[in-house]
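Q: have a look; sequence and predicted model below, questions after that.
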Amino acid sequence: MRKDSEEMCDSSNCFPLQAMESAKLETVCIFGTGDFGRSLGLKLLQCGYSVIFGSRNPKSSNLVPKGAEILNHAEAAKKSAIIIIAVHREHYDFLRGLADVLKGKVLVDVSNNLKINQYPESNADYLAGLLPGCKVVKAFNTVSAWALQSGTLDASRQVFLCGNDAKAKEAVMEIARSLGLMPLDQGSLLAANEIENYPLQLFPMWRLPCYICAVFTVLIFLYCLVTEVFHPLATRKEDTSYLIAISIPNRVFPVVSLILLALCYLPGILAAIIQLYKGTKYSRFPDWLDQWMLCRKQLGLVALAYAFLHAIYTLVMPIRYYVRWWTNSYLITQIKDNATYPFSNYYAWLSDSYVALGILGFFFYVLLGITSLPSVSNAVNWREFRFVQVSTLYFLLHNPNKHYIFKICDCNTGFVFIIE
Ligand SMILES: NC(=O)C1=CN([C@@H]2O[C@H](COP(=O)(O)OP(=O)(O)OC[C@H]3O[C@@H](n4cnc5c(N)ncnc54)[C@H](OP(=O)(O)O)[C@@H]3O)[C@@H](O)[C@H]2O)C=CC1
Ligand SMILES: [Cu+2]
């Protein structure tokens, strides 16, 4: 233990690490009294650390959290073995002048960039290059100042960190754990680039599913527009443009939803065929298949979202003017004709079983979606998971609410007998 501490601090003015180990919660120094520095400082204070801020104007800054000390950079650095650099990369230059004081210390780089791969090297690499005598650890950049301050860390509890010095990394991980965060070691400083890009990525796994979904939505919408609006207009001079708001979207949603669901399961089958064809499972899949396999969960969730939309659009049917007009005129026709169309058991069954299958199909869809959530799938074993996924899929694909069989779906009018 003693040896570790000596290794960690080899400069004369370095705070001995064994003090840090014996006192459990050591002193942490933060350079920069901006949003992030202050939020992290407050959190550290709340968790029992002593916090010393290093600032350009130690006198004027009265914004630092109560209980923290504020000094100039050099003095602050002397008091701690770990220094969190809560300053933007563009201002790192001032650190060069502090090289002697910082020698042997752990510097935590928390910085983010504005663009992916903005600089040729990662910010952490740049810092390590500026101060070769220091042990640089990249950490905390994926945690936001706002989340730290408001305590709403649920979604961003993970702290990705990396660094070349194992002991320095362990010390930073210990701090993260004390703050109630979950440190995830990503390896050496080479990983810093990737960690810095995390907060800048915009739904990387969602991009392909969203494109596919958008393409199918547009295509099927246009198809419906032509067949249900333009065609009646051209042939019968009938204006059915009112269908654009609800009827057509409500035809697009289930169709696209089922296509996406099928696309979730298709790559698995293609992969199996490729493996059978190659006669081995130890060969790489083509890139396109790899990409496709990786976004299956997202495809499934988009499909589920569309199924939800379909369910909601279907529920509003009875309050639609068009449907109410249809029912009323149907009634008036009977009165005018002095006729009573008798109750048909056949159509009653048809309509009910139609809706019932729709409800059950939707239920299994949701079940499929829920069991693929990590927290739920972790709670069942592989055989149970397969059981739910495969039997559910079987039901969905064999009873797909018969959208394609009947020209006009029950879901679009609510009344099968009118259509028939
Ligand atoms: N805000 C956030 O939610 C997050 C921020 N980060 C990262 O944390 C770092 C700080 O961000 P944030 O606190 O928001 O930024 P701010 O602009 O709020 O604060 C930056 C601080 O850096 C110091 N500073 C500014 N210019 C110089 C300079 N020329 N020389 C030396 N020090 C300077 C100042 O402190 P002083 O006046 O005391 O010297 C200033 O308060 C950034 O690298 C950012 O990418 C990472 C994750 C989240
Ligand atoms: Cu339906």
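A: All right, it came through fine. Ligands and ions are numbered 1, 2, ... in the order given.

Q: could you say which helix or strand holds residue 162?
A: Element membership for residue 162 (DSSP states H and E) is strand 158-163.

Q: in that strand, what's buried?
A: By neighbour count with 16 or more other Cβ atoms under 10 Å, strand 158-163 contains the buried residues 159-163. C-beta coordinates here come from the backbone N, C-alpha and C atoms, glycine included.

Q: cool, and stretch 221-240?
A: Buried-residue list, stretch 221-240, by 16+ other Cβ under 10 Å: 221, 224-225, 228-229, 240.

Q: just those: which are in helices?
A: Secondary-structure check on these using DSSP state H: residues within helices are 221, 224-225.

Q: give the contact list for residue 387.
A: Not one residue lies near residue 387 by Cβ atoms under 8 Å, 6 or more residues apart in numbering.

Q: now swap in residue 275 and tell me
A: Contact analysis of residue 275 by Cβ under 8 Å, 6+ apart lists 281, 283.

Q: shouldn't it be within a helix?
A: Yes: the assignment for residue 275 by DSSP: H, G, I helix; E, B strand; the rest coil puts it in a helix.

Q: just the buried residues of strand 158-163 now: which is nearest ligand 2?
A: Set against ligand 2, the nearest of those by Cβ to the ion is residue 160 (42.9 Å).

Q: tell me where the stretch 301-420 of the chain has helices.
A: Assigned by DSSP state H, counting those that start in this stretch, the stretch 301-420 of the chain shows helices spanning 321-336, 345-371, 374-377, 382-398, 410-413, 416-419.

Q: same deal with the stretch 101-250 of the chain?
A: Using DSSP H, counting those that start in this stretch, helices in the stretch 101-250 of the chain cover 123-130, 145-150, 166-178, 192-197, 207-225, 231-236, 247-278.

Q: turn the ones you listed into JSON lines, columns for distance to residue 286 and mean pLDDT.
A: As requested, those are exported to JSON lines (distance: least, Cβ to Cβ, whole Å; pLDDT from 0 to 100):
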{"stretch": "helix 123-130", "distance to residue 286": "34", "mean pLDDT": "95"}
{"stretch": "helix 145-150", "distance to residue 286": "40", "mean pLDDT": "81"}
{"stretch": "helix 166-178", "distance to residue 286": "37", "mean pLDDT": "94"}
{"stretch": "helix 192-197", "distance to residue 286": "24", "mean pLDDT": "91"}
{"stretch": "helix 207-225", "distance to residue 286": "15", "mean pLDDT": "94"}
{"stretch": "helix 231-236", "distance to residue 286": "41", "mean pLDDT": "95"}
{"stretch": "helix 247-278", "distance to residue 286": "8", "mean pLDDT": "91"}
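
Q: and the ones you listed as a markdown table, adding distance to residue 345?
A: A markdown table is the format used below for the helices of the stretch 101-250 of the chain (distance: least, Cβ to Cβ, whole Å):
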| stretch | distance to residue 345 |
| --- | --- |
| helix 123-130 | 74 |
| helix 145-150 | 60 |
| helix 166-178 | 68 |
| helix 192-197 | 64 |
| helix 207-225 | 33 |
| helix 231-236 | 33 |
| helix 247-278 | 28 |
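
Q: just put those helices in TSV and tack on distance to ligand 2.
A: Formatted as TSV, these follow (distance: least, Cβ to the ion, whole Å):
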stretch	distance to ligand 2
helix 123-130	51
helix 145-150	40
helix 166-178	48
helix 192-197	41
helix 207-225	14
helix 231-236	23
helix 247-278	5
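
Q: name the residues of the stretch 101-250 of the chain found near ligand 1, please.
A: Selection of the stretch 101-250 of the chain residues close to ligand 1 by Cβ under 6 Å from any ligand atom yields 110-112, 141, 144-145.

Q: circling back to that earlier point, just the CA coordinates for the strand holding residue 162, please, in PDB.
A: Provided in PDB are the C-alpha atoms of strand 158-163 (Å, rounded to 0.1, in the frame of the first residue of the first chain):
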ATOM      1  CA  GLN A 158     -22.600   5.500 -15.900                       C
ATOM      2  CA  VAL A 159     -19.200   7.100 -15.900                       C
ATOM      3  CA  PHE A 160     -17.000   5.900 -18.700                       C
ATOM      4  CA  LEU A 161     -13.300   6.300 -17.800                       C
ATOM      5  CA  CYS A 162     -10.000   5.400 -19.300                       C
ATOM      6  CA  GLY A 163      -6.300   6.100 -18.600                       C
END
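
Q: list of residues touching that strand?
A: 124, 135-143, 169, 172-173, 176, 181-192, 195, 198.

Q: got the angle for it vs helix 166-178?
A: Going by axes from the mean of the first three to the mean of the last three Cα atoms, to 10 degrees, strand 158-163 is angled at 170 degrees with respect to helix 166-178.

Q: now, of the contacts of strand 158-163, which are buried?
A: Buried subset of these (neighbour count, 16+ other Cβ under 10 Å): 124, 135-143, 169, 172-173, 176, 181, 183, 185-186, 189, 191-192, 195.

Q: and the residue nearest to residue 193 when sequence neighbours are not counted, what's its pLDDT?
A: Setting aside the residues directly before and after it, residue 193 is nearest to residue 122 in space (Cβ to Cβ, 6 or more residues apart in numbering), at 4.2 Å. At residue 122, the model reports a pLDDT of 94.

Q: same thing with residue 38?
A: Note on residue 38: pLDDT of 92.

Q: quick one: it is in a helix?
A: Yes: looking at residue 38 with three-state DSSP, it is inside a helix.

Q: list the contacts of it.
A: 63-65, 145.

Q: which residues touch the residue minimising distance to the centre of the chain?
A: Taking Cα atoms, centre = their mean as the criterion, residue 203 is the residue nearest the geometric centre of the chain, at 6.3 Å. By Cβ under 8 Å, 6+ apart, the contact list for residue 203 reads residue 210.

Q: any chance you could map the strands in the stretch 51-200 of the chain?
A: Ranges of strands within the stretch 51-200 of the chain are 69-72, 82-85, 106-109, 135-138, 158-163, 182-185, based on DSSP state E, counting those that start in this stretch.

Q: ok now do residue 184, which residues does it touch?
A: By Cβ under 8 Å, 6+ apart, the residues touching residue 184 are 158-161.

Q: now it, which residues is it bridged with?
A: residue 160 (DSSP bridges).

Q: now stretch 185-203 - C-alpha only, PDB.
A: Written as PDB, here are the backbone C-alpha positions of stretch 185-203 (Å, rounded to 0.1, in the frame of the first residue of the first chain):
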ATOM      1  CA  ASP A 185     -13.400   1.200 -17.200                       C
ATOM      2  CA  GLN A 186     -12.900   1.500 -21.000                       C
ATOM      3  CA  GLY A 187      -9.200   0.800 -21.000                       C
ATOM      4  CA  SER A 188      -6.200   2.900 -21.900                       C
ATOM      5  CA  LEU A 189      -6.200   6.600 -23.000                       C
ATOM      6  CA  LEU A 190      -6.700   5.400 -26.500                       C
ATOM      7  CA  ALA A 191     -10.400   5.000 -25.700                       C
ATOM      8  CA  ALA A 192     -10.600   8.700 -24.700                       C
ATOM      9  CA  ASN A 193     -11.600   9.700 -28.300                       C
ATOM     10  CA  GLU A 194     -14.600   7.400 -28.200                       C
ATOM     11  CA  ILE A 195     -15.600   8.500 -24.700                       C
ATOM     12  CA  GLU A 196     -15.500  12.100 -25.800                       C
ATOM     13  CA  ASN A 197     -17.700  11.300 -28.800                       C
ATOM     14  CA  TYR A 198     -20.400   9.600 -26.700                       C
ATOM     15  CA  PRO A 199     -22.200  12.700 -25.600                       C
ATOM     16  CA  LEU A 200     -22.200  14.000 -29.200                       C
ATOM     17  CA  GLN A 201     -23.700  11.000 -30.800                       C
ATOM     18  CA  LEU A 202     -27.300  11.400 -31.800                       C
ATOM     19  CA  PHE A 203     -29.100   8.000 -31.500                       C
END
